[in-house]
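S.K.: give me coordinates for this.
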Amino acid sequence: IANARQITRFNYALPVCVIAALLGIPAKEWTELVDEILDFSRCIAPGGSAPQVALGIRAVESISARLTNCCGPLWQELQQVSAQLGIEDRVVVANAIGLMLQACESTAGLIGQT
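M.R.: The predicted model follows:
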């Protein structure tokens, strides 16, 4: 890591990649996944522009598609428990996306302050 931009990118990417690994998203997809999570974050931020909202919507569609093919331990557990509780798959997908988003934002902030 050579500069502030790379440090910032690392801070945002680390928690997303950890959760992605647990969900079973292949490592070769992590760079794009981090970009998509960041696009989604900008989409829902107050004052997001129309292009940011459109990009965020596309990002969520892509992340959702990635999750449908997952088989990692966290994803399997989420699927199993959700099925037992009668929770729809789309709700599980939304919560997995939310988990990555929250981890990205909050962990990056914590790492950046140390």
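
S.K.: just checking, what packs against the one helix or strand Ser41 maps to?
M.R.: Using DSSP states H and E, Ser41 sits in helix 30-44. Contacts defined by 3 or more C-beta pairs under 8 Å, 6 or more residues apart in numbering; DSSP states H and E place helix 30-44 against helix 4-23, helix 50-68, helix 89-112. Glycine gets a C-beta too; all of them are placed from N, C-alpha and C.

S.K.: what is the orientation angle of it with helix 89-112?
M.R.: If you take axes from the mean of the first three to the mean of the last three C-alpha atoms, to 10 degrees, helix 30-44 sits at 90 degrees to helix 89-112.

S.K.: which residues are in contact with the most centrally placed residue in the chain?
M.R.: When the chain is reduced to its mean C-alpha position, the nearest residue by C-alpha atoms, centre = their mean turns out to be Met100, at 3.5 Å. Neighbour list for Met100: 15-16, 19-20, 33, 37, 63 [criterion: C-beta atoms under 8 Å, 6 or more residues apart in numbering].

S.K.: which pair of the residues you listed spans the longest distance?
M.R.: Pro15 and Ile63 (14.7 Å; C-beta to C-beta).

S.K.: and the helix or strand of the chain with the lowest mean pLDDT, what's buried?
M.R.: The weakest-scoring helix or strand in the chain, judged by mean pLDDT, DSSP states H and E, is helix 89-112 (a mean of 91). Within helix 89-112, the residues that qualify as buried are 92-93, 96-97, 99-101, 103-105, 107-108, counting by 16 or more other C-beta atoms under 10 Å.
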